[in-house]
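**Student:** Below are the sequence and a predicted model; questions follow.
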Amino acid sequence: MATTRAAITGIFAYVPEYRLTNKELETMVDTNDEWIRSRTGIEERRILKGVGKGASEMGAKIVQGLLEKTNTKAEEIDLVICATVTGDMVFPDTANIIRDKVGIKSGFGYDINAACSGFLYAYSTGAQFIASGMCKKVIVIGLDKMSSIIDYEDRATCVIFGDGGGAVLLEPTEEENGFRDAVLRSDGMGRHYLHMKAGGSAYPASAETVANKEHYVYQEGRTVFKHAVRGMNTSIREVMQRNNLSANNVAWVVPHQANMRIITAVANAADFPMEKVMVNIHKYGNTTAGTIPLCLWEWEDRLKKGDNIILTAFGGGFTWGAVYLKWAY
Ligand code: UT7
């Protein structure tokens with residue numbers, strides 16, 4: 001019997017209009033364009049403005065765009081998975097808010113919280129529902145409104161993050177193309193170095209948590225940096241080894257866009273020339289779960305059926321991993 005795999009049959013993405021440039025950040029905190037460019041590679045990031053506009057504001061546009069682009073009716077969708085750490089509310093999940101806004105009444109939906117590795121986790125999960133035969137059409141979203149949890153008085157974090165995301169449609173194929181393999185890893189000790197402390201059940205929102213700025217991202221950048229390079233390197237190596245891949249027969253590497261220096265270090269360690277590495281961090285900064293679909297969306301015209309592609313990410317949790325897929329159209 002032929003193996004059923006999950007093929008990506010369409011992609012759509014969205015970033016808000018407002019561009020927060022390095023120049024504007026210079027007027028907000030003690031930083032400068034030269035530091036931000038040389039230490040991170042970021043030139044500007046997009047910010048979703050407007051009261052009451054959460055991640056689902058972007059998510060609904062993304063899913064609506066994906067349905068139209070792929071000529072898919074809302075009622076054909078079996079499952080929507082949304083990877084995000086900035087859902088509209090603590091509950092319910094943003095996948096179902098998006099489903100409601102777009103008019104998807106069939107099937108079910110849920111969120112996955114794996115921070116910057118969210119898209120890898122969600123894509124791998126969605127692919128299993130397709131491979132098992134339980135679902136025929138799955139939408140996987142990677143999306144974050146990081147500006148909602150960033151302290152714009154903290155120069156160590158506010159220069160890095162931005163808002164945006166994208167989604168893919170997964171459908172079954174009997175071809176060789178589609179989702180092939182994933183190395184997914186996590187280690188909860190990472191919570192000490194990258195987290196948002198308050199607003200959950202351990203430290204519910206109070207006047208004190210607000211005064212202490214505990215509803216913002218906390219990051220020990222240097223520690224996270226080291227773990228990120230190591231985690232992405234080891235997972236890329238593992239997924240390539242067990243699928244007999246080399247830098248020569250991989251067409252594209254899609255790294256999470258957290259820091260240009262991390263991207264370069266990871267590419268060098270795996271011997272990938274930078275021409276094969278998708279990079280758009282200069283335009284959008286770190287959109288957490290949004291970075292990988294935003295890259296695939298921008299590179300869509302250059303991708304060819306059968307291309308071997310490696311996705312890799314590292315983020316809060318810690319979570320990290322690498323996914324191997326063959327582009328299906
Ligand atoms: O996506 C999820 C996972 N996250 C990551 O992968 C992020 C990993 N970490 C990083 O990308 C980097 O650590 C950062 C971009 C966050 C920071 O870069 P760094 O080169 O590690 O800087 P640092 O934290 O070691 O700070 C170096 C200096 C410090 O000054 P002193 O103590 O040497 O005087 C900082 O205070 O740079 C200073 N600094 C800044 N200066 C100007 C920190 N932020 C800024 C800033 N502008 N925005």
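**Tutor:** Cool, the structure landed.
**Student:** Which residues of the stretch 1-150 of the chain lie near the ligand?
**Tutor:** Listed as neighbours of the ligand in the stretch 1-150 of the chain under the rule Cβ under 6 Å from any ligand atom: T31, W35, I36, R39, T40, C116. C-beta: built from backbone N, CA, C; applies to glycine.
**Student:** Report the mean confidence score over whatever helix or strand E298 lives in.
**Tutor:** Assessed by DSSP states H and E, E298 sits inside helix 291-299. Mean per-residue pLDDT for helix 291-299: 98.
**Student:** who are the neighbours of the helix or strand following that helix, in terms of helices and strands?
**Tutor:** The first helix or strand that comes after helix 291-299 along the chain, using DSSP H and E, is strand 308-315. Strand 308-315 is packed against helix 118-131, helix 221-242, strand 252-255, helix 291-299, strand 319-326, with contacts defined by 3 or more Cβ pairs under 8 Å, 6 or more residues apart in numbering; DSSP states H and E.
**Student:** roughly how far apart are Y121 and I141?
**Tutor:** 12 Å (Cβ to Cβ, to the nearest Å).
**Student:** Residue of this protein nearest the ligand, please.
**Tutor:** Going by Cβ to the nearest ligand atom, the ligand is nearest to G221 of the chain, at 2.7 Å.
**Student:** if we can go back for a sec, give me the buried positions along the helix holding E298.
**Tutor:** Neighbour-count burial for helix 291-299, counted by 16 or more other Cβ atoms under 10 Å, picks out T291, I292, P293, L294, C295, L296, W297, E298, W299.
**Student:** Dump these to a markdown table, plus distance to the ligand.
**Tutor:** Shown next, in a markdown table, are the buried residues of helix 291-299 (distance: Cβ to the nearest ligand atom, whole Å):
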| residue | distance to the ligand |
| --- | --- |
| T291 | 8 |
| I292 | 12 |
| P293 | 15 |
| L294 | 14 |
| C295 | 14 |
| L296 | 18 |
| W297 | 19 |
| E298 | 19 |
| W299 | 20 |
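**Student:** and the two most separated of the residues you listed?
**Tutor:** Within the buried residues of helix 291-299, T291 and W299 form the most distant pair, 12.6 Å apart (Cβ to Cβ).
**Student:** Kindly report the residues of the stretch 151-300 of the chain close to the ligand.
**Tutor:** So far as Cβ under 6 Å from any ligand atom goes, the stretch 151-300 of the chain lies against the ligand at 155-156, 159-160, 221-222, 224-225, 228, 258-259, 262, 286.
**Student:** redo that, cut-off 8 Å
**Tutor:** Proximity of the stretch 151-300 of the chain to the ligand, by Cβ under 8 Å from any ligand atom, involves residues 155-160, 194, 219, 221-222, 224-225, 228, 256, 258-259, 261-262, 286, 288.
**Student:** Can you name the residues bridging to D144?
**Tutor:** On the basis of DSSP bridges, D144 is bridged to G164.
**Student:** Pretty sure it sits against G290.
**Tutor:** Yes - under the criterion of Cβ atoms under 8 Å, D144 makes contact with G290 at 5.3 Å.
**Student:** quick one: which of these two has more around it?
**Tutor:** Set D144 next to G290 and count neighbours by other Cβ atoms under 10 Å: G290 wins out with 38 against 28.
**Student:** Contact partners for the nearest residue to that one once chain neighbours are set aside?
**Tutor:** Of all residues not flanking G290 in the chain, G165 sits nearest, at 3.4 Å (Cβ to Cβ, 6 or more residues apart in numbering). Residues in contact with G165 (Cβ atoms under 8 Å, 6 or more residues apart in numbering) are 13-14, 55, 58-59, 62, 84, 141-144, 287, 289-290, 293-294.
**Student:** Looking at these, which one is closest to A202?
**Tutor:** Closest to A202, out of all of these and judged by Cβ to Cβ, is T84, at 20.2 Å.
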